[in-house]
Every structure is written in structure tokens, then in C-alpha cells.
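Engineer: Kindly return the folded structure for what I paste below:
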Amino acid sequence: MAVEDIGSLVLQEQRRDDARRLDDERRDLQRGIEAADSELPTDLPTDEAALGAEVVRLKALAADQQRLQEELAGTKVAIRQATEGRSIQAAIAKRDTGLDELVAARDAQLQARAGEALISWLRAASARDDAPHLLERARSWFLRFTKQRYELRVDEAAGFVAFDMFSQRLQRLSELSDGTRIQLLLAARLAFIEHVEGTETRTPLFLDEILATTDRERFSAIAQAVLELAGDGRQVFYAVADPAEAAAWRVAADAGGFGAPQTVELGGGDTIQQWTPAPTFEPPPPLPPPGSLDAAAYAAALGLPRPGLHCSPGAWPLPLLMFDRLEVAHVMAQAGLRTAEQLSLIERGLTVAVKAEDLELARARARLVELVLDGLRLGRGQRLTWVAVAGSGIVTSAYEDAMRELAAEHADTPNAFVEAVRRLPRFRGRKADELREHLIEVGIVDEGEPLEPVAVVERALVGVRDEIAAGTLRAAEVEAFVRFIEDVVEV
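Structural biologist: Below is the predicted model of the structure:
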């Protein structure tokens, strides 16, 4: 077959395809016309004029439909606004009712509070002349019984508390030892008895084995106070069933220079002579003099811990305050004074056999300790606690024991603690950074630079300029004392 014949066949085949396609389109159009024809109204006019009129009518209907839709939308808006208006009105009415109820409740509360306030005022008015005196007397007896260690105070949140002048810590009464609670109870009752009886009579005091479980030091302190009461003219009756306790009272009376207490046998039991011989009771030994001890060793001998950078200035041991006059610290210790805080007791009437100039020096140095500690703490943060460390969230069981030991070792140097933790075997540096950031956030670590020693001295000199002007302190002495404090707290 020739090439021309092949081309002719291809062209014919394309024409047949076009014809089939056109035929399919025709049939589709025919079906569309039939469908549209079936949907047209049967009464539709067929002439041109009638069709034109029908078009005009339908356009008018379409325009009317648009207007109706707009009216419908406006009606819906009006309905919604009206509904909201009613809701607002209902809410306003509810609010007004609630306000009325609140006003009524407020008035009732005000009346109730006024009644409570009146009752409280009446109670306070009846007690205002008694309470201060009672509290002061109880505080005085409690200090005396505890050898000037514990002071009775009133805390707004906890009520009555005991302030430990050694540790500078407030303790709830439930936290005190049994012996100290007995001392407080006796102090409170003595204060009440003294207040009730006035100055004209001396009410006899009856005590029933109140010291049976008290240790030797507490027994001696309380016994001496009770014997002084007897020496002032008050009768004291003490019931005892234990011969050892009876012997202890006789020893205490003899040690205090009082006459031997009169012993009376009650009941039909054995006579005093038939009792089992009482064990020997000796009063507490006197405090040892400092002798060749230095200030730190003598403070330790008195049971006082070495102060740290973050200790309370009031807890500073008197031997470290009067480090160059330990004989003065010894006399103060014999009177029960062992910390700087207790110097205030002298101003409140406690008698101590020290010279006035020594007392002024002690007070001036107590002020100096406060100034120096404040200066040394700058740039060194706060005292580290395990609670703060645990709050960082990085402590794991694998490192807890080691970190606890380091926290105790570096309690006054939190920066050193972080670096020591960083050096723990296989401890991640990133975790140490997180620990440091946490301690900065809670105020334990201070990012500032510590003061230079000369700046600490200058700061102290400014703070005690009045004492220097009065001749109580000398500038050279201040500088030496600052160096001494730095050595004690190890900065």
C-alpha cells in the first residue's frame, strides 16, 4: 500500500471519531431539552409579547423576594436584640437582688463583729492592768529558773513561746523538754500568786514532787529560787516520798547558805530514820575558770558552739566577745550570761558583778559583731540549707548522701558547695549549673563580689563612730577585733 493510501485511512478514522463525538453531544443536548421542557409550566405563553410580560413579572417577583429576605434578616436582628435586652434586664434584676442580699449579710456580719469586738474590748479592759504585770513576772521567774537561758515571749501566730538566748531560736512550748516545761509552769504560777496576793500577805506555797524528774542543774536552779522565796518570808511546803529528793533539798539549802529545811513525817509509815539511806546528792559543780584556755576553747567548755558566718549576732558567745578579758566572761557565765543577746538582761535589772566599763565594752563589741557579720555576708549569700538544695530538683539517690555531707560542710559558703558538687565523680557539669542557678534564684548564692577586708573594717568603723568618740572603743582595737571575727567564722 502506498504512503498516500495510509494517510487517507488515518484521516477517515479521525473523521469517524469526530462524528461519533458530535452524535454523543447531540443526544446529551436532546436529553437536556427534554428535561427542561418537562419542568416548564404547561400554561406558559408561546407568543413573544406574552413571554415578555412574563419576564417582567418574574423579575418583579425576584426583586420582591430580595426585599422580603432583607426584612426577614432585620426581623431576626430585632428578635435577637429584644431577647438580649430581656436577658440584660433579667441579669440586672438578679444583680440587684444579689446586692440586696450582700448588704443584708454585711449588716449582719458588722453587727456580729461589733458584738465580738465589744466582748474582746471588755475582756481586754478587765485584763489590761493585770496581763503585762503577770507576763513580766512570769518572764522574770522563767529566766531565773533557766539560768537566764529561756525568755517567755508572745508570738502573734504561735501564742506563748520560749526564746532560747543561746541558739536565738523561738520554741513552741510543746518543743521544750519536760524539765523546762516544769520550770515554765512554776514560773507562771508564782507570777499569778504574787499578783493575787499583792504586797501585804505572803500566800503559802504548796509543791508536790514537782522536781522529782528534774536533772541536777534544773533542780539546783529552781531549788535556789524557791529557797530564796522562803528566805523572803514565804512558807513553802514540799511533799516528797523519795528520800533522795529530800536529801537533795537539804544539800541545796546548805549550798545556798539557808537553814536546814524542817522535815515533818505524815501518815503512819516508817519514820525518817527508818528510810533507806538516800544516795548522795551534790549540787552542780561551779563553772571552771578559763585558766590557760583561749577564747574559743573556753566557749566550747561552756557548751557554746563556734559561731559561723550566718549565725545570729545575738548568739555570739561572750567568751568570743570578751576574748581578751576572759575573767569578765567567766563572771558573766556564773550569772547565767553566755551570749551577746543576754546582755540585755542587765539593762532589765539582772545584777552581774562586772565593772561598768567592761559592760560598756561588751555592748560596744556586740554592736561591732553585728556590723562585721553584715559586711562579711555581702557577696557570700545566705546560709545553705538542705531544703534549698533538694528544691533544685537535681538531687538523685546516687548523690544524695555525698551532697548532704557537702551541704553540711559548706553551709556558710554556698559557692564552695556548688564547686564541690561539680567535682563529684561523674556528676554532670550541666546539673551543677542548674544547682547554682536555683540557689541564686532562692537567694542562697550571691553573685556580687565579697567586700575586701579593708572595706569591712571601714564599714565597722563608721558603724561604731559614737563608741569610738566616747572612748569605749579605739580604732586600732576595732581593726584587730574585725580580724578576730574573720578568723572565728573562717572567711
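
Engineer: Now do the SS call for the most centrally placed residue in the chain.
Structural biologist: With distances taken as CA atoms, centre = their mean, residue 157 lies nearest the centre of the chain, 11.5 Å away. The local conformation at residue 157, judged by DSSP: H, G, I helix; E, B strand; the rest coil, is coil.

Engineer: The one 3 residues further on now?
Structural biologist: Under the three-state scheme (three-state DSSP), residue 160 adopts strand.

Engineer: Might you report the residue contacts of it?
Structural biologist: Listed by CB atoms under 8 Å, 6 or more residues apart in numbering, the contact set of residue 160 reads 152-154, 173. All C-beta spots, glycine's among them, are computed from the backbone N, C-alpha and C.

Engineer: hmm, 10 Å instead?
Structural biologist: Going by CB atoms under 10 Å, 6 or more residues apart in numbering, residue 160 touches 135, 138, 152-154, 172-173, 184, 188.

Engineer: What about those, which are in helices?
Structural biologist: Using DSSP state H, the subset of those located in helices is 135, 138, 184, 188.

Engineer: Of these, which is the nearest to residue 483?
Structural biologist: Proximity of the ones in helices among the contacts of residue 160 to residue 483 (CB to CB) peaks at residue 184, which lies at 41.6 Å.

Engineer: Contacts only, for that closest one.
Structural biologist: Counting by CB under 10 Å, 6+ apart, residue 184 has contacts 138, 141-142, 145-146, 150, 152, 160, 162, 173, 176.

Engineer: coming back round to it: any chance of the ones in helices among the contacts of residue 160 in JSON lines, with pLDDT and distance to residue 101 too?
Structural biologist: Formatted as JSON lines, the ones in helices among the contacts of residue 160 follow (pLDDT from 0 to 100; distance: CB to CB, whole Å):
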{"residue": "135", "pLDDT": "81", "distance to residue 101": "45"}
{"residue": "138", "pLDDT": "86", "distance to residue 101": "49"}
{"residue": "184", "pLDDT": "84", "distance to residue 101": "50"}
{"residue": "188", "pLDDT": "85", "distance to residue 101": "48"}
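
Engineer: Most neighbours among these, please name it.
Structural biologist: With neighbours defined as other CB atoms under 10 Å, the most crowded of these is residue 138; it has 23 neighbours.

Engineer: Does that residue touch residue 189 like I think?
Structural biologist: Yes. Using CB atoms under 10 Å, residue 138 is in contact with residue 189, at 8.8 Å.

Engineer: The contacts of residue 184, buried ones only, as a PyMOL selection?
Structural biologist: In PyMOL syntax, the buried subset of those is picked out as below (16 or more other CB atoms under 10 Å):
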select buried, resi 138+141+142+145+146+150+152+162+176
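
Engineer: Inside strands: which ones of the contacts of residue 184?
Structural biologist: 150, 152, 160, 162 (DSSP state E).

Engineer: and the residues you listed, which two are the farthest apart?
Structural biologist: 150 and 160 (11.7 Å).

Engineer: C-alpha coordinates for stretch 358-365, PDB please?
Structural biologist: Once non-C-alpha atoms are left out, stretch 358-365 reads as follows in PDB (Å, rounded to 0.1, in the frame of the first residue of the first chain):
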ATOM      1  CA  ASP A 358      33.600  46.100 131.000                       C
ATOM      2  CA  LEU A 359      29.800  46.100 130.400                       C
ATOM      3  CA  GLU A 360      30.000  49.000 128.100                       C
ATOM      4  CA  LEU A 361      32.800  47.400 126.200                       C
ATOM      5  CA  ALA A 362      30.800  44.200 125.800                       C
ATOM      6  CA  ARG A 363      27.900  46.100 124.500                       C
ATOM      7  CA  ALA A 364      30.000  48.000 122.000                       C
ATOM      8  CA  ARG A 365      31.700  44.800 120.800                       C
END
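
Engineer: Figure out how far that stretch is from the centre of its chain.
Structural biologist: Its chain's C-alpha centre and that of stretch 358-365 lie 33 Å apart, by CA atoms, centre = their mean, to the nearest Å.

Engineer: if you average pLDDT over that stretch, what comes out?
Structural biologist: Per-residue pLDDT over stretch 358-365 has a mean of 95.

Engineer: Residue 360 contacts residue 347, correct?
Structural biologist: No. Taking CB under 10 Å as the definition, residue 360 is not a contact partner of residue 347, at 11.7 Å.

Engineer: Looking only at neighbour counts, state which of those two leads.
Structural biologist: Neighbour comparison, residue 360 and residue 347: the larger count goes to residue 360, with 15 against 9 (by other CB under 10 Å).

Engineer: Sticking with that one, tell me its helix or strand.
Structural biologist: helix 356-377 (DSSP states H and E).

Engineer: same deal with residue 29?
Structural biologist: Applying DSSP H and E, one finds residue 29 within helix 3-39.

Engineer: And residue 53, by the same measure?
Structural biologist: Assigned by DSSP H and E, residue 53 belongs to helix 48-127.

Engineer: Show the average pLDDT along that helix.
Structural biologist: According to the model, helix 48-127 has a mean pLDDT of 62.

Engineer: How about stretch 162-176?
Structural biologist: Mean predicted lDDT for stretch 162-176 stands at 87.

Engineer: what's the answer for stretch 383-397, then?
Structural biologist: Here the average pLDDT along stretch 383-397 is 91.

Engineer: Could you tell me which residues within the helix or strand hosting residue 180 count as buried?
Structural biologist: Secondary structure from DSSP H and E places residue 180 in helix 178-197. Neighbour counts over helix 178-197 (16+ other CB under 10 Å) mark 179-180, 182-184, 186-188, 190-191, 193-194 as buried.

Engineer: Just the residues contacting stretch 432-447, thanks.
Structural biologist: Under CB under 10 Å, 6+ apart, the answer for stretch 432-447 is 377-385, 387-389, 391-395, 403, 414-415, 417-424, 427-428.

Engineer: got the end-to-end distance for stretch 303-322?
Structural biologist: Distance between the boundary residues of stretch 303-322 (CA to CA, to the nearest Å) amounts to 16 Å.

Engineer: Enumerate the positions of that stretch that are buried.
Structural biologist: Those would be 304, 307-311, 313-322, for stretch 303-322 by 16+ other CB under 10 Å.

Engineer: Run the chain-centre distance for it.
Structural biologist: Counting by CA atoms, centre = their mean, stretch 303-322 comes out at 23 Å from the chain centroid.

Engineer: average model confidence for that stretch?
Structural biologist: On average, stretch 303-322 scores 92.

Engineer: Under the pLDDT cut-off, which ranges of the stretch 151-300 of the chain? List them.
Structural biologist: Within the stretch 151-300 of the chain, the stretches with pLDDT under 70 are 158, 199, 213, 267-284.

Engineer: The same query, at a cut-off of 50, please.
Structural biologist: Residue ranges of the stretch 151-300 of the chain with pLDDT under 50: 275-276, 278-279.

Engineer: For it, just list every one of the helices.
Structural biologist: Assigned by DSSP state H, counting those that start in this stretch, the helices in the stretch 151-300 of the chain fall at 178-197, 216-231, 243-255, 295-301.

Engineer: Ok, which of these comes nearest residue 28?
Structural biologist: helix 178-197 (109.4 Å).

Engineer: That's all I had, so thanks and see you.
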